[in-house]
Every structure is written in C-alpha cells, then in structure tokens.
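A.B. asks: Pasting the sequence and the predicted coordinates here, then a few questions.
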Amino acid sequence: MQSFAIPQLYRIWRERLLQQIPDDCETRLTNMVYLMIGIFQSQTVQLNLVARKLPIRAQKLSIVKRLTRFLDNEAIHVREWYHPTADWLLRSAGSAGQIHLIIDSTKVSGCFRKVMVSVAYHRRSLPIAWFWIPGSRGHCTTKAQIALLEYVQTLLPKGVKVSVVGE
C-alpha cells in the first residue's frame, strides 16, 4: 500500500470530499478532512489520540474540543457524508470478486462502546459503518448488529462474495 505524507493526504481527501459532500461550509469540510486523516494516522477513533496526529498548531485539548464540536454539530450527517467513501472502499475491495467484512465492538470511553463493520483490504481494516452504544460494559444486541449489517448490505457491490467475521 502506498504511503502518503499528511499534506498529500489532506489534498487528496479534500479534493475527494469536495466532490462528494453536499455542504459548502469550508470549516465543516476542513474538520471532516482532519478527522479522517487523524483516524487514518492514529488507527483509532479516540479523539485525544486522533488530535496527536493532526498538523494543527494548537494545544491537543483545543483540537479535541474542535473535533468534538464538529461531531456534535447537527448539520453533520455522518452516514450521508461518509456513504461515498464507504461505497468507494467496498468497490475497491470487491474488485477481485470477494469482500471480507469484520464486525467488532470496542470500548471507546467510560461511557460508550463503538460497534463497527470494516472491510479487510490490503492488510488493513477500513471502516464502512458504525454506531455508538451508551455504556461501557457488555456487547450490543444481535438485533443492533443485524441492523448495522443490513445497512452495509445496501452498500455492497452486486455479484461479489461476502464473508463476515466477528467476535
């Protein structure tokens, strides 16, 4: 897999998101790009770890607050905004005729767990869809996992074989 410096990643993702996201607010687009780069570079969704990887001249706590405000913004529609990226990832992964999905539940903080479906692609796990569960103990229900997998099914390219692994 090709390696990119952060300025290259920023340019690539910014150009891609400009074509895909139905929003003309410059700061929301910039924050989305930074969030995606931070998640990619840190390989986590924990904002304090994401903030460490961003090339922003600000205190880590300020960056975390900036990303938190962005994620709490009601004008942000994560599934709608991320849909083209998830679609592109699945089409790329499915070009060989088979897709390997991973479903996983992870404790993110003392208050939340994240349930995520990812696609295995070039020795990486790339996120496709996720949701948050209040509380840090236990796992989510089968019904919730099925609902997440049903959404991912709508994104899958036609005619590819799919395997799913999980906990």
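C.D. replies: Good, I have the coordinates. Numbers count the residues shown, from 1 in each chain.

A.B. asks: give me the low-pLDDT residue ranges for this protein?
C.D. replies: Judged by pLDDT under 70, the chain has its weakly predicted residues at 1-4, 22, 109-110, 135-139, 167.

A.B. asks: where do the strands sit along it?
C.D. replies: Using DSSP state E, the strands of the chain run over 98-107, 112-121, 124-134, 161-166.

A.B. asks: For the third one, which residues meet the burial criterion?
C.D. replies: Counting neighbours by 16 or more other Cβ atoms under 10 Å, one finds that the buried residues in strand 124-134 are S125, L126, P127, I128, A129, W130, F131, I133. For the C-beta atoms, the positions are set from N, CA and C on the backbone; glycine is no exception.

A.B. asks: got it, and stretch 52-71?
C.D. replies: Neighbour-count burial for stretch 52-71 [16+ other Cβ under 10 Å]: K53, L54, I63, V64, R66, L67, F70.

A.B. asks: next one: stretch 147-155
C.D. replies: Of the residues in stretch 147-155, L148, L149, Y151, V152, L155 count as buried by neighbour count, 16+ other Cβ under 10 Å.

A.B. asks: Quick check: can you list the domain ranges of this protein?
C.D. replies: 6-76, 95-166 (automatic domain parsing).

A.B. asks: okay if I get these as CSV plus distance to H83?
C.D. replies: Below are the domains of the chain laid out as CSV (distance: least, Cβ to Cβ, whole Å):
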stretch, distance to H83
domain 6-76, 8
domain 95-166, 7
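
A.B. asks: contact partners of stretch 53-64?
C.D. replies: With contact meaning Cβ atoms under 8 Å, 6 or more residues apart in numbering, stretch 53-64 is reached by I6, P7, Y34, I37, G38, Q41, S42, L47, N48, A51, R52, R66.
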